[in-house]
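Starting from these lines, generate the structure:
(one chain, ligands or ions: 3)
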Amino acid sequence: METSIHPEEILSHFALPAPMQSWNRYGNGHINDTLLIHCDGADCVAQRLNNHVFPDGLAVMNNISRVLEHLARRESDPHRRLSLVPTRDGRHWIQDGDGAFWRVYPLIAGTVTIEQVTQPAQARAAAYAFARFLALLADLPGEPLAVVIPDFHDTPSRLAKLAEAVKADPCGRLAGVADETRWALDQGKLAATLLAARDAGELAEMATHNDTKINNLLMDPDGKTARCVIDLDTLMPGLTLFDFGDLVRTASCRAAEDGDPADMTADMEFLAALVDGWLAGRGNSAGPAERRLMAVAGAVITFEIGTRFLTDHIQGDRYFRIHRPDHNRDRALAQFALAKNLLARSADIAAMVK
Ligand code: ADP
Ligand code: GN1
Ligand code: MG
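Ligands and ions are numbered 1, 2, ... in the order given. This next block holds a predicted model:
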């Protein structure tokens, strides 16, 4: 499934801290190509932005530069914030022959990313860090961020895309996922929850991260203290509950995103820690609607990502990188199981918020 990558020429355009010695693939992202670049004493992380998923790479890079510049005014310690390695001609990116954008970040050494939460302290630290990140973005000067993927967290429109894929069934895969697809197509009310509150004027859009998976956070090696929010490609206007919901999706459950559906249950201690960390980080900014809908945001966003995995499975795995046949189906079934479990726990979560 891996595309072949030849970074040497591209990287020669960046003002790396020292000459590149070697490189290897890095991380577990589903969309971009991420490489660890070994340079004498100061490693870097280089990424090729997927230009099918992000057709306007310039808008992505402008959003990221603006936000990093803004964050740098608040956090001077380079070990606690992301920055971009400039190109030799003073830009922050290079386009390759296919038009894809490349950028390089200094590696923030002495940090780890976790794929799964194992202790409540990690969940609390992550929720606090992502919530603080939003607080720092709240006074971003200038125009709103560019919309780099329209309707990214528009769950009803994600559901409509599933319905279209079902109609076309281009790979004849529908029969294998008929029951789960029928269940998903019935969830219009759940899907509409967050946007309905936005449309009713109860929730306002602001700059949000939109991909707050637990592995998009660098932590201290103890795995309990958050250091730096990363993976900023999906920065754009959104609802804070998209970020809380996506974090609940990946940080409330001990199993991986593609785990056995029977293991896709939320841990009550992790949920309580997520709620606690989020409210501490949001402070007075979390209004009544945000607090009320925290109870269901995890279920909505988990359902939404499940819908996207299922759509991609039916369409022949065109969007998310897969590592085995039927991987997107397995991810979808796991996410739907977790969404159902989170829904069943919404009254408990509401009680935690109070
Ligand atoms: P992707 O889009 O592939 O998910 P990320 O930006 O999340 O890309 O990077 C993938 C992984 O690489 C992260 O989970 C993290 O482990 C590591 N990583 C990325 N940037 C840095 C950095 N600046 N310093 C240290 N580790 C990093
Ligand atoms: C993708 O690139 P990565 O792996 O951080 C996806 C997210 C999904 C996530 C599911 C641009 O994130 O929206 O929630 O997979 N990113 C994009 O794991 O679609
Ligand atoms: Mg990532």
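
The residue of the stretch 151-300 of the chain found nearest ligand 3 and P106: what is the separation?
Closest approach between the stretch 151-300 of the chain and ligand 3, counting by Cβ to the ion: D231, at 3.7 Å. Placement of C-beta: from N, CA and C, glycine included. Computed as Cβ to Cβ, to the nearest Å, the D231 to P106 distance reads 15 Å.

In terms of neighbours, single out the busier of these two.
More crowded of D231 and P106, by other Cβ atoms under 10 Å: D231, with 22 against 18.

ok, L247 - contacts?
Residues near L247 by Cβ atoms under 8 Å, 6 or more residues apart in numbering: 126-127, 130, 212-214, 274, 278.

and if you look at F14?
46, 85-88, 94, 104.

Now the buried members of those residues.
For those, a burial check counting by 16 or more other Cβ atoms under 10 Å picks out 46, 85, 87, 94, 104.

For the third one, give the beta-bridge partners.
Translated: T87. F14 (DSSP bridges).

One more: the first one?
Here A46 shows beta-bridge partners L35, V104, assigned using DSSP bridges.

Can you verify my assumption that it contacts H38?
No: counting by Cβ atoms under 8 Å, A46 stays clear of H38, with 11.0 Å between them.

Quickly list what's touching both of those two.
Common neighbours of A46 and H38, counting by Cβ under 8 Å, 6+ apart, are W23.

which ones are touching the closest residue to L241 other than its chain neighbours?
Among residues not flanking L241 along the chain, A297 sits closest, at 4.1 Å (Cβ to Cβ, 6 or more residues apart in numbering). Applying Cβ under 8 Å, 6+ apart to A297 gives the contacts 194, 241-242, 244-245, 248.

same question, R292
By Cβ under 8 Å, 6+ apart, R292 lies in contact with 350, 353.

SS state for it?
The local conformation at R292, judged by DSSP: H, G, I helix; E, B strand; the rest coil, is helix.

From L333, how far out is it?
Note on R292: its distance to L333, by Cβ to Cβ, is 29 Å.

same thing with L82?
34 Å.

still on that earlier bit, can whichever strand or helix holds the residue nearest to L241 be found next to ligand 2?
Element membership for A297 (DSSP states H and E) is helix 288-315. Yes: Helix 288-315 lies within reach of ligand 2 by Cβ under 6 Å from any ligand atom, at I305.

taking the mean pLDDT, what do you get for that helix?
Helix 288-315 comes out with an average pLDDT of 98.

again, but for stretch 55-74
Mean pLDDT, stretch 55-74: 96.

Tell me the buried residues in that stretch?
By 16+ other Cβ under 10 Å, the buried positions in stretch 55-74 come out as 57, 60-68, 70-71.

again with stretch 105-113
105-108, 111, 113.

and those, which two are the farthest apart?
P106 and T113 (15.9 Å; Cβ to Cβ).

Please name the nearest non-neighbouring residue to M206.
A138 (6.2 Å).

Of all residues in the protein, which one is nearest the centre?
With distances taken as Cα atoms, centre = their mean, D211 lies nearest the centre of the chain, 1.7 Å away.

from the stretch 1-150 of the chain, which residue is nearest to ligand 3?
For the stretch 1-150 of the chain, Cβ to the ion, closest residue to ligand 3: G29, 4.2 Å.

Tell me which stretches of the stretch 201-350 of the chain form strands.
Using DSSP state E, counting those that start in this stretch, the strands found in the stretch 201-350 of the chain span residues 206-208, 217-219, 226-229, 236-238.

Turn those strands into a markdown table, including mean pLDDT and mean neighbour count.
Shown next, in a markdown table, are those (pLDDT from 0 to 100; neighbours: other Cβ atoms under 10 Å):
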| stretch | mean pLDDT | mean neighbour count |
| --- | --- | --- |
| strand 206-208 | 98 | 22 |
| strand 217-219 | 97 | 22 |
| strand 226-229 | 96 | 22 |
| strand 236-238 | 98 | 20 |
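
Who are the contact partners of I10?
46, 94, 96, 102.

residues in contact with the residue nearest to M206?
If you count contacts by Cβ under 8 Å, 6+ apart, A138 has them with 206-207, 285.

Ramachandran angles for it?
phi -60, psi -30 (degrees, to the nearest 10).

contacting residues around whichever residue of the stretch 151-300 of the chain sits closest to ligand 1?
Nearest residue of the stretch 151-300 of the chain to ligand 1 (Cβ to the nearest ligand atom) works out as D231 at 3.5 Å. D231 sits next to 29, 211, 213, 216 when contact means Cβ under 8 Å, 6+ apart.

Now the first one. Nearest residue, chain neighbours left out?
The reference is to G29. D231 (7.3 Å).

do you know how far T302 is from T155?
Per Cβ to Cβ, T302 is found 10 Å from T155.

Tell me which of these two has more neighbours.
Using other Cβ under 10 Å, the more surrounded residue of T302 and T155 is T302, with 30 against 25.

So that one sits against V248, correct?
Yes: counting by Cβ under 8 Å, V248 is a contact partner of T302 at 7.3 Å.
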